[in-house]
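Colleague: kindly return the folded structure for what I paste below:
(chains A and B)
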Protein chains: 2
Amino acid sequence: MADQRFQLYDTTLRDGTQQEGMVLTVEDKLAVARHLDAFGVGFIEGGWPGAVPKDTEFFRRAAHEIQLHNAQLAAFGATRKPGAMVSSDPQVRALLAAGTPVVTIVAKSHPRHVELALRTTLAENLAMIGSTVRFLVHAGRRVFVDAEHYFDGYRLNREYALEVVRIAADAGAEAVVLCDTNGGGLPDRIGAVVDDTRTATGARLGIHCHDDSGCAVANTLAAVDAGADHVQGTAHGYGERCGNADLFTVTANLLLQRGLEVISLEQLREMTLSAGSIAELTGIPVRAAAPYVGAGAFTHKAGLHASALRVDPGLYQHVDPALVGNAMHTLVSDLGGRSSVELKARELGYDVEAGSEPVARAAARIKDLETRGYSFESADASFELLLREELQGAVGGPPECPFDVETWRVGVDRRPGGGTRTQASVRLRVDGVPLSAAGEGNGPVNALDRALHTALDPFFPELAALEVVDYQVRVLPGSAVAGDGSGAAARVLVTFSDGRRRWGTVGVDENTVAASWRALLDAVRYVLLSGARTGGEDRRARPTAAVAD
Amino acid sequence: MADQRFQLYDTTLRDGTQQEGMVLTVEDKLAVARHLDAFGVGFIEGGWPGAVPKDTEFFRRAAHEIQLHNAQLAAFGATRKPGAMVSSDPQVRALLAAGTPVVTIVAKSHPRHVELALRTTLAENLAMIGSTVRFLVHAGRRVFVDAEHYFDGYRLNREYALEVVRIAADAGAEAVVLCDTNGGGLPDRIGAVVDDTRTATGARLGIHCHDDSGCAVANTLAAVDAGADHVQGTAHGYGERCGNADLFTVTANLLLQRGLEVISLEQLREMTLSAGSIAELTGIPVRAAAPYVGAGAFTHKAGLHASALRVDPGLYQHVDPALVGNAMHTLVSDLGGRSSVELKARELGYDVEAGSEPVARAAARIKDLETRGYSFESADASFELLLREELQGAVGGPPECPFDVETWRVGVDRRPGGGTRTQASVRLRVDGVPLSAAGEGNGPVNALDRALHTALDPFFPELAALEVVDYQVRVLPGSAVAGDGSGAAARVLVTFSDGRRRWGTVGVDENTVAASWRALLDAVRYVLLSGARTGGEDRRARPTAAVAD
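Modeller: So this is what the prediction gives:
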């Protein structure tokens, strides 16, 4: 059971959306909120109703369309306008109209910001904070106050900053959240200011950090150590400039290293899944190096470690990856050599030895392909195909790929008056019999994929579920995307799914479409060989009407 | 002048290359070393000679091919084998053969690692450390000792960990580097252990952190605060799993926040440039959110801030970006609205007001395009074209685009027996006169780009220097790369250069090639209109032999 007093407050949907390149629809925001709730945060800040039309809409729909189990929704806004009545301030009224149990208002705590941004007096700013909080509390809301630019303001005028906290707390704010808005803080100072503020005001304090000096997570922990028990952050540290404190990293650190059960251990075990689901909605891939939840967070490449890793993985990991729903992986690369190939092969279920001939041959081929631009680190399926080719004979071996490719072509036409059409055709031989097929799509990769399906699905029904879910084109350094003739090369990584699991393949070629084709073909081969491997018998169907020419 | 005593030790070329996806050639490593030296580090760890053939080659070539101004090269290796003579240990001899002034050896300081990974006794491990250090010092090397798994070892057996430090220092190691190898440390504990170790041993200490709990930078600073004056890290925090401490962030924090002049202020002003150059060599783009050196580190999106930003940018930045060679940027997005459009327009040199009609129209169009998948945040040139269309009339206006597109097509053919050919053709009207041209390339984007050049360069010589230097295809969330019919859309961002500067354009379309075409066309239009804008008169050439049909 999670600690009920500690407040984990997520602002992905408000401060997180300030990140460059992040554009969320209302649908996206509703779905992210569901994942955040499942993850276990206590509060979900949904946006600024009134100021941002999309956020008004979010709160309107959230009331009916999402059922929250852990979290309460918070509407974010500002204090009333200078010199105005709070009860008739349209911005404040929009906060109430959002109908959330919680309202969080931003308050200036830095004298220069009061003067230059609000264009009012220090005294009126205090009055604005007090009256806005009282009004919202009187209307039945739980109120948090974000003290913006607190740490910079405190440096300039400690007394005024403290007074902002006192006024907010006295007016009924449940917690006053000290914000390192410009993100330049370091842990020692953040901790000292939180400590002094707590002692001087007695208020319940929260912390809101940004990562401009690369210390948002450490600053958040320092504030908690100094007595803050309300923590703000965002999924994946999304946010303006260098981002906010990463709530996944903060949560895991608090739970596993400080023993603060801010979410339950069951929820923590779903963290990597929650993180991945949210990233799919924002369209921003999870950094492989993201602490705890990154695909590479427990991934080992070093040859130096590979042999010892087999003895006791726990010696090489700061926590058990299962605690956060992640897993250990090993990489195949020129640094790891045979030990890495063995480890990876064992991870995939092959019983091989680093000293064996097939492993040595696979390691040598990988080394050679890597010098030509291949990378197998994100292409497990291409790695496994290569490994099985080398194991052939040694373990009974996979069947040969049951078809050959003769030619293929793609055409993209822009028609006069608009509209674009992409057609692909492939010419294969299945068991020696020639076969042609065509496909249309929304681009060359898609059209080739369709043509392959048209040709092969009747023979190999297991291919029908195979779907391209993502692909990346990487122009290799030193190559000529614009045709400078320097031996241009592109690497294409394709992610496939059969509806149950995902895997990746890689293709490299001087031609970007040919590189994609190689990766597509590896995916088809992988599914056919895996089917043969797991199915035991020949699962190939024999359609009566083939598309053969 | 940089502080001569403080040691900034870079291990990008050794520990950094453990990162997933990083494959550096010897050429790359030599070039990275030159940039690190210019950046101002005191030591460059080049690799493990003997163990990794590429690294042996690196040291051989580095001796002749690079002239270092600030740094000394360090060869990395391990202590001698258990039970063997150090003088005849081939691994140790390879370290000497590298001919570097500095040798850094890794030593186990964790009892379980000694037993399981080295398979020797605790006493023999100490003897290995002592004899290896003495041997290298006797051979005239400056020696550093990386005490691996130090913080975990210290927790298990403080006395043994301290003994490792004492033995290494007594044998002549210049500094003993305490390594948080598994990266789970938090600043308070790192600081406390460094402090205790310094007091107990009197040795000069270094620090080497990993980012598995998201605190590598803060941990490094905590160690420095506790007395370590040798800091290890990597460019961009490259490294295994979650990476190493980011040496750029650490350096800027030490200099700007701790007043430790570990490099000179002149070198700091080149940091963003150094960081970009190194990223180009590794092929791993700099994260936009990277502290100090990221393209987004000083980028403002918030509408909340946009108006106050005009008054005093310093209130919204923790340091002046010029100090680290970066710059403030503003983004155009639905969150910013008119104020953002005005700010961005002013950044580009247009004298406009947020309240004006053209700005309102531009903001509305941007909002609409963003809902259809466009993003202008990385596409300054497309933004400027849109803005100028709205300003037309108001400021005299740009000329109309001097050509129309009728149709285009691309074909990609895989020939029997191998080899891929991509051909594109375009049909335009220049001043009403029809014109066809063709081009070949290494993929659809390249071939279309060539065809456009063939058609237009004779009329517009300013296009000749225009070159595509990079492009990204982004499959939009909810779209159908695999053709699920849900209104598939791809966003293509194209980066162009005219040899002097770079800019970006954006294209969105259901078809990936058509999206690329839109971005290509924006680039051409941008160059033509900019030429007209800056040149004043009509710079169009009149070729005598056009490729018109």
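Colleague: tell me the residues of the stretch 101-250 of chain A that contact chain B?
Modeller: Residues of the stretch 101-250 of chain A lying close to chain B by CB under 8 Å from any CB of the partner chain are A:110, A:112-113, A:116-117, A:149, A:181-184, A:186-188, A:211-215, A:217-219, A:221-222, A:225, A:237, A:240-243, A:246, A:249-250. Quick note: C-beta positions are derived from backbone N, CA and C, even for glycine.
Colleague: same thing but 6 Å
Modeller: Residues of the stretch 101-250 of chain A lying close to chain B (CB under 6 Å from any CB of the partner chain) are A:112, A:116-117, A:182-184, A:186-187, A:212-215, A:217-218, A:240-243, A:249.
Colleague: quick check: domain ranges of chain A?
Modeller: Here the domain assignment for chain A is A:299-391, A:403-535, based on automatic domain parsing.
Colleague: rebuild these as JSON lines, extending it with mean pLDDT, mean neighbour count and distance to chain B.
Modeller: Listed next are those as JSON lines, based on pLDDT from 0 to 100; neighbours: other CB atoms under 10 Å in any protein chain shown; distance: least, CB to the nearest CB, whole Å:
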{"stretch": "domain A:299-391", "mean pLDDT": "81", "mean neighbour count": "20", "distance to chain B": "3"}
{"stretch": "domain A:403-535", "mean pLDDT": "82", "mean neighbour count": "20", "distance to chain B": "3"}
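Colleague: can I get those in a markdown table with distance to residue B:507?
Modeller: Listed next are the domains of chain A as a markdown table, based on distance: least, CB to CB, whole Å:
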| stretch | distance to residue B:507 |
| --- | --- |
| domain A:299-391 | 26 |
| domain A:403-535 | 12 |
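Colleague: which among the residues of the stretch 101-250 of chain A next to chain B count as buried?
Modeller: A:112, A:117, A:182-184, A:186-187, A:212-215, A:217-218, A:240-243, A:249 (16 or more other CB atoms under 10 Å in any protein chain shown).
Colleague: filter those down to the ones in helices?
Modeller: Mapping these onto helices (DSSP state H) picks out A:112, A:187, A:217, A:218, A:249.
Colleague: what's near enough to touch the second one?
Modeller: Taking CB atoms under 6 Å, 6 or more residues apart in numbering or on different chains as the criterion, residue A:187 is in contact with A:218, A:219, A:222, B:187, B:218.
Colleague: next one, pLDDT for the first one please.
Modeller: Residue-level confidence at residue A:218 comes out at 98, pLDDT.
Colleague: do the same with the third one
Modeller: Note on residue A:222: pLDDT of 98.
Colleague: go on, residue A:130?
Modeller: 98.
Colleague: distance-wise, check it relative to residue A:165.
Modeller: 12 Å (CB to CB, to the nearest Å).
Colleague: of these two, which one has the most company?
Modeller: residue A:165 (28 against 21; other CB atoms under 10 Å in any protein chain shown).
Colleague: now the more buried one: phi and psi?
Modeller: Backbone geometry at residue A:165, expressed as degrees, to the nearest 10, gives phi -60, psi -50.
Colleague: wouldn't it be in contact with residue A:176 here?
Modeller: Yes. If you go by CB atoms under 6 Å, residue A:165 and residue A:176 touch, sitting 4.8 Å apart.
Colleague: overlap of the contact sets of those two?
Modeller: Common contact partners of residue A:165 and residue A:176 (CB under 6 Å, 6+ apart): residue A:203.
Colleague: tell me how many other residues crowd residue A:67.
Modeller: 7.
Colleague: may I ask which helix or strand encompasses it?
Modeller: Using DSSP states H and E, residue A:67 is not contained in any helix or strand.
Colleague: where does it land on pLDDT?
Modeller: The predicted local confidence for residue A:67 is 93.
Colleague: leaving out sequence neighbours, find the closest residue to residue A:59.
Modeller: Among residues not flanking residue A:59 along the chain, residue A:98 sits closest, at 4.0 Å (CB to CB, 6 or more residues apart in numbering or on different chains).
Colleague: what about the nearest residue to residue A:246 once chain neighbours are set aside, how many neighbours?
Modeller: Leaving out its chain neighbours, the residue that sits closest to residue A:246 by CB to CB, 6+ apart is residue A:237, at 3.5 Å. Residues within reach of residue A:237, counting by other CB under 10 Å, total 28.
Colleague: residue contacts, residue A:237?
Modeller: Applying CB under 6 Å, 6+ apart, the residues near residue A:237 are A:243, A:244, A:246.
Colleague: same thing but 10 Å
Modeller: Contact analysis of residue A:237 by CB atoms under 10 Å, 6 or more residues apart in numbering or on different chains lists A:12, A:16, A:19, A:209-211, A:216-217, A:243-250, A:287, A:290-291, B:214, B:289.
Colleague: alpha carbons only: can I get the strand or helix carrying residue A:384 in CSV?
Modeller: Using DSSP H and E, residue A:384 maps to helix A:380-391. Below are the C-alpha coordinates for helix A:380-391, written out as CSV (Å, rounded to 0.1, in the frame of the first residue of the first chain):
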residue,chain,number,x,y,z
ASP,A,380,17.5,-9.0,-32.5
ALA,A,381,15.7,-10.7,-35.4
SER,A,382,18.5,-10.0,-37.8
PHE,A,383,21.0,-11.2,-35.2
GLU,A,384,19.2,-14.4,-34.7
LEU,A,385,19.0,-15.1,-38.4
LEU,A,386,22.7,-14.6,-38.7
LEU,A,387,23.4,-16.8,-35.6
ARG,A,388,21.2,-19.6,-37.0
GLU,A,389,23.0,-19.5,-40.3
GLU,A,390,26.2,-20.2,-38.5
LEU,A,391,24.6,-22.8,-36.2
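Colleague: of all the contacts of residue A:187, which two lie farthest apart?
Modeller: With CB to CB as the measure, no two of those lie farther apart than A:219 and B:187, at 9.6 Å.
Colleague: can you check which residues contact both of these two?
Modeller: A:186, A:187, A:188, A:191, B:215, B:218.
Colleague: which one's the longest helix in chain A?
Modeller: Taking DSSP H as the criterion, chain A has its longest helix at helix A:512-535.
Colleague: any idea of the angle it forms with helix A:380-391?
Modeller: 60 degrees (axes from the mean of the first three to the mean of the last three CA atoms, to 10 degrees).
Colleague: CA-only coordinates of helix A:512-535 in PDB, if you can.
Modeller: In PDB, the C-alpha atoms belonging to helix A:512-535 read as follows (Å, rounded to 0.1, in the frame of the first residue of the first chain):
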ATOM      1  CA  THR A 512      17.500   4.100 -48.900                       C
ATOM      2  CA  VAL A 513      14.700   2.000 -50.400                       C
ATOM      3  CA  ALA A 514      17.000  -1.000 -50.800                       C
ATOM      4  CA  ALA A 515      18.100  -0.700 -47.200                       C
ATOM      5  CA  SER A 516      14.400  -0.800 -46.200                       C
ATOM      6  CA  TRP A 517      13.800  -3.800 -48.500                       C
ATOM      7  CA  ARG A 518      16.600  -5.700 -46.700                       C
ATOM      8  CA  ALA A 519      15.100  -5.100 -43.300                       C
ATOM      9  CA  LEU A 520      11.600  -6.100 -44.600                       C
ATOM     10  CA  LEU A 521      13.000  -9.300 -46.000                       C
ATOM     11  CA  ASP A 522      14.700 -10.200 -42.800                       C
ATOM     12  CA  ALA A 523      11.400  -9.800 -41.000                       C
ATOM     13  CA  VAL A 524       9.700 -12.200 -43.400                       C
ATOM     14  CA  ARG A 525      12.500 -14.700 -43.100                       C
ATOM     15  CA  TYR A 526      12.500 -14.500 -39.400                       C
ATOM     16  CA  VAL A 527       8.800 -15.300 -39.100                       C
ATOM     17  CA  LEU A 528       9.100 -18.100 -41.600                       C
ATOM     18  CA  LEU A 529      12.100 -19.700 -39.800                       C
ATOM     19  CA  SER A 530      10.700 -19.200 -36.400                       C
ATOM     20  CA  GLY A 531       7.500 -20.800 -37.500                       C
ATOM     21  CA  ALA A 532       9.400 -23.800 -38.800                       C
ATOM     22  CA  ARG A 533      11.500 -23.900 -35.600                       C
ATOM     23  CA  THR A 534       8.600 -23.800 -33.100                       C
ATOM     24  CA  GLY A 535       6.100 -25.600 -35.300                       C
END
